[in-house]
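A.B. asks: A structural model of the following input is requested.
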Amino acid sequence: MAFRIITWNINSVRARLELATRLIKTYRPDVLCLQETKVMDSAFPAAPFKKLGMHTIALHGQKNHHGVATLSKIKLADSEKRNWCGVGDARHIAVPLETGAGRIDLHNFYVPAGGDIPDPQENPKFAHKLKFLDEMIDWSATLDSPSIMVGDLNVAPLPADVWSHKQLLKVVSHTPDETQRMTKLQDAHGWVDVMRHVKPEPERLYSWWSYRQRLAGVRSRPPAGSCLGQPITARCHCGHDRSRRRSGLGEAVRPRPRAGGFRVLAIVMTISDPRHLWFFAIKKQMCR
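C.D. replies: Residues are numbered from 1 along each chain as shown. The predicted model follows:
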């Protein structure tokens, strides 16, 4: 049994509802994971998604900020919400997927961005991000069931994940404090980065482009997983093709100038044999 997962930082589900529905029509996922939904659960626009077959929806939202949502054609049991760092932010939701080859736990994350100053003493947002990653490391070490982790992890740990490793060492998302934690997170349970398994270094992979630095690319990479000695049976891409550009779903590929902000791509992962899956973690990235 094959199934397809799409993960995307949508940056307001209500503002980009039309793009989200077109994404589903184009790539027909079994599961869609969204981050930064920016809406309370009671106001989430569920009807258009259910009309497209995403009948099961697990939400962890809050007004105007953060928020994650997992929408599925596969039946979901009860969802789990974790209060990371004890601050009450809606940054994680977990659901069990019954795939026909057993249960797989799907974790959908939105890690704090961390602000602009890479000093935890001067910047509470950066301190919060580091604490969040530390908690994820401890959490990862306790996992004992087949799992997939997707989301916006807001860290680009490899030199090939950014347009200039040297110039970004003191820029939030690529500082040693963050990249070292990401490595520890990956090692905590042997996560395999699916995208880097498909497209290993030194090939560059970018997932968003900043308008402040035109065409400056960064790949915020997650950890991933191992496969019990079996080959990883996942096929990934992010719609960097002509049909995606024609449909308007690939606007992040060549960003238009705009004051502030950035464009983010979605990633599509098709798992051809979930029996071989042990631990995967992926994030939206660009893979040709």
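A.B. asks: quick check: mean pLDDT across the longest helix along the chain?
C.D. replies: Identified as the longest helix of the chain according to DSSP state H is helix 124-140. Over the span of helix 124-140, the pLDDT mean works out to 97.
A.B. asks: Residues contacting it, please?
C.D. replies: With Cβ atoms under 8 Å, 6 or more residues apart in numbering as the test, helix 124-140 has contacts from 82, 84-85, 87, 91, 109, 111-115, 117-121, 154-155, 172, 177-178, 181-182, 184-185, 188-189, 191, 223. For the C-beta atoms, the positions are set from N, CA and C on the backbone; glycine is no exception.
A.B. asks: In strands, which of those residues fall?
C.D. replies: Residues of the contacts of helix 124-140 located in strands (DSSP state E): Phe109.
A.B. asks: Mind giving me the PyMOL command for buried ones among the contacts of helix 124-140?
C.D. replies: Of the contacts of helix 124-140, the buried ones can be selected in PyMOL as follows, counting by 16 or more other Cβ atoms under 10 Å:
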select buried, resi 84+91+109+111+112+113+114+115+118+120+154+155+172+177+178+181+182+184+185+188+189+191+223
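A.B. asks: quick revisit: how far does the longest helix of the chain sit from its chain's centre?
C.D. replies: Distance, stretch centre to chain centre, for helix 124-140: 16 Å (Cα atoms, centre = their mean, to the nearest Å).
A.B. asks: For that helix, buried residues please.
C.D. replies: Those would be Phe126, Ala127, His128, Lys129, Leu130, Lys131, Phe132, Leu133, Met136, Ile137, Trp139, Ser140, for helix 124-140 by 16+ other Cβ under 10 Å.
A.B. asks: which stretch of helix or strand covers Ser145?
C.D. replies: Counting by DSSP states H and E, there is no helix or strand that carries Ser145.
A.B. asks: Just give me the neighbour total for it.
C.D. replies: A count of nearby residues for Ser145, using other Cβ atoms under 10 Å, gives 11.
A.B. asks: what's the answer for the one 4 residues further on, then?
C.D. replies: Residue crowding around Met149 was assessed by other Cβ under 10 Å; the count is 29.
A.B. asks: Now it: phi and psi?
C.D. replies: phi -120, psi 130 (degrees, to the nearest 10).
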